[in-house]
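Asks: structural data only, the sequence is not supplied:
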């Protein structure tokens, strides 16, 4: 039974919400190809031909938003481009959209994987992060500097007559209605534009957002190093940290870690503050070490045995972002909400563990605070 690219787009978006299988390595390892198609394809697409087209897209999509740009000679005069809120039908419109995004948002595009999904069709999986650049010199940047994240798939159609790209259909993981014009898609963009949460310009653990859903993200964290101490019976939340409402145990634990990075160590060495600060329901508080201090063997020893240095393995986590004061009851509500969303989307969870990540100092206004609840994920499928 023949299906159109639009039907396959809808089917694959729905499939992304089904229970995922075992994680497969999706690192791109094929060499970028600069070979051009110099002959017409009049019959069924050969495997070599489509492999060449995939190699081309691997190389070309790296340049979507840089100064080199895409190779427009490999795109048809009529390129059918659609995402939930944008639509163009020509190569000029397609290139205009790319240029507009580059100026307004300075996008960072990450291609995770691609595969042939029909005779003349290639589907890619990607993440795009965009920072609003028009307020770069605005006085309101201190309070409003949105970062927008989109993940999803693109169906790239290949014209069998000339081998050029003639279709680019995007679907976002975070929404259900992918048809232009999607008010759900517009609302998703607007909600990210209106956020006032503030992320400090500090070192922190490195991660990739693999999927951004409506209420949470799936991230892949690189390994990182922490300084850790015990908070005793302090609850996970605002009262387990510093500030006017901090518990005695939480303030003592925070002070130990701050003391270590600010000179109470074997070399009296001062290190950089980082974000976020992690706390665990088991009563542990963690400071992430800055990028210059990731090797435990090269770190100064703490003056007290109450501070321990640890390597964290990284891995996959589901993260739910929220603002305001991270009080213990609020944290538990956010954790429960995240678990419910994961169950609804068929993401398997086999642990009761979670982390609280707090990014801001206590003097930050509640509407600007960024907090996260993170739950480890052991079984993740990119597709």
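Replies: That came through, no problem. These figures come from a predicted structure and were not determined experimentally. Numbers count the residues shown, from 1 in each chain.

Asks: what packs against the helix or strand encompassing residue 375?
Replies: Counting by DSSP states H and E, the element that carries residue 375 is strand 371-377. When contacts are defined as 3 or more C-beta pairs under 8 Å, 6 or more residues apart in numbering; DSSP states H and E, strand 371-377 packs onto strand 315-322, helix 328-344, strand 355-358. All C-beta atoms are positioned from the backbone trio N, CA, C, and that covers glycine.

Asks: and that strand, which strands flank it?
Replies: Strand 371-377 sits in its sheet next to strand 315-322 (antiparallel), strand 355-358 (antiparallel), going by DSSP bridges.

Asks: now the angle from the longest one to helix 328-344?
Replies: The directions of strand 315-322 and helix 328-344 differ by 120 degrees, with axes from the mean of the first three to the mean of the last three C-alpha atoms, to 10 degrees as the criterion.

Asks: what average pLDDT does the helix or strand that contains residue 249 get?
Replies: If you go by DSSP H and E, residue 249 is part of helix 248-261. For helix 248-261, the mean per-residue pLDDT is 94.

Asks: what packs against that helix?
Replies: Using 3+ C-beta pairs under 8 Å, 6+ apart, helix 248-261 sits against strand 224-230, strand 284-288.

Asks: what angle sits between that helix and strand 284-288?
Replies: 30 degrees.

Asks: next structured bit after helix 248-261?
Replies: strand 277-279.

Asks: list the contacts of that following strand.
Replies: If you take C-beta atoms under 8 Å, 6 or more residues apart in numbering as the criterion, strand 277-279 is touched by 226, 231, 236-237, 240-241, 254, 285-288, 355-358.

Asks: list phi and psi for residue 85.
Replies: The phi/psi pair for residue 85 (degrees, to the nearest 10) reads phi -130, psi 0.

Asks: number the chain from 44, please
Replies: In the new numbering, first residue 44, that becomes residue 128.

Asks: and it, how close does it get to residue 178?
Replies: 21 Å (C-beta to C-beta, to the nearest Å).

Asks: so which of those two has more stuff around it?
Replies: Neighbours per residue (other C-beta atoms under 10 Å) separate residue 128 from residue 178, with residue 128 holding more: 17 against 13.

Asks: buried sites along the helix holding residue 292?
Replies: Neighbour counts using 16 or more other C-beta atoms under 10 Å place 292-297, 299-304 of helix 291-304 among the buried residues.

Asks: would you map the strands across the stretch 94-243 of the chain?
Replies: Ranges of strands in the stretch 94-243 of the chain, per DSSP state E, counting those that start in this stretch, are 118-126, 129-131, 151-161, 164-174, 190-201, 208-215.

Asks: just so I know, which of those strands lies nearest residue 364?
Replies: Nearest of these to residue 364, taken as C-beta to C-beta: strand 190-201 at 10.4 Å.

Asks: tell me the strands beside the closest one, with direction?
Replies: When DSSP bridges is applied, strand 190-201 pairs with strand 164-174 (antiparallel), strand 208-215 (antiparallel).

Asks: so it versus strand 151-161, what angle?
Replies: Using the same axes, to 10 degrees: strand 190-201 against strand 151-161 is 30 degrees.

Asks: state the distance from residue 178 to residue 185.
Replies: Applying C-beta to C-beta to residue 178 and residue 185 gives a distance of 10 Å.

Asks: wait, residue 103
Replies: 38 Å.

Asks: repeat that for residue 346.
Replies: 37 Å.

Asks: am I right that residue 359 is in contact with residue 421?
Replies: Yes - shown here, residue 359 and residue 421 form a contact pair, counting by C-beta atoms under 8 Å, at 7.4 Å.

Asks: okay, the two: which has more neighbours?
Replies: Shown here are residue 359 and residue 421; by other C-beta under 10 Å, residue 359 has more neighbours (18 against 12).

Asks: spatially nearest residue to that one (excluding sequence neighbours)?
Replies: residue 420 (4.2 Å; C-beta to C-beta, 6 or more residues apart in numbering).

Asks: in stretch 118-129, which residues are buried?
Replies: Quick answer for stretch 118-129 (16+ other C-beta under 10 Å): 118-119, 122-128.

Asks: can you list the residues you listed in CSV and add pLDDT and distance to residue 109?
Replies: Putting the buried residues of stretch 118-129 into CSV (pLDDT from 0 to 100; distance: C-beta to C-beta, whole Å) gives the following:
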residue, pLDDT, distance to residue 109
118, 99, 17
119, 98, 22
122, 99, 20
123, 99, 24
124, 99, 19
125, 99, 24
126, 99, 20
127, 99, 25
128, 99, 24
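
Asks: which among these gets closest to residue 389?
Replies: Scanning those for proximity to residue 389, where the rule is C-beta to C-beta, the winner is residue 127, at 22.6 Å.

Asks: thought the closest one was touching residue 217?
Replies: No - taking contacts as C-beta under 8 Å, residue 127 lies outside contact range of residue 217: 9.7 Å.

Asks: between the two, what contacts are shared?
Replies: Joint contacts of residue 127 and residue 217 (C-beta under 8 Å, 6+ apart) are residue 231.

Asks: which stretches of the protein have low pLDDT?
Replies: Scanning the chain with the threshold set as pLDDT under 70 gives 44-45, 47-51, 53-88, 276-278, 281-289.

Asks: could you rerun that using 80?
Replies: Applying pLDDT under 80 to the chain picks out residues 44-89, 276-290.

Asks: how does it divide into domains?
Replies: Structural domains assigned to the chain are 48-237, 264-420, following automatic domain parsing.

Asks: now, of these, which is deepest in the fold?
Replies: With neighbours taken as mean count of other C-beta atoms under 10 Å, the domains of the chain reach their highest mean count in domain 264-420, at a mean of 17.

Asks: first residue to last residue on it, what's the distance there?
Replies: 11 Å (C-alpha to C-alpha, to the nearest Å).

Asks: with stretch 389-398 instead?
Replies: Stretch 389-398 has an end-to-end distance of 21 Å (criterion: C-alpha to C-alpha).

Asks: how near is residue 294 to residue 315?
Replies: Residue 294 is 22 Å from residue 315, by C-beta to C-beta.

Asks: with that, I have no additional questions.
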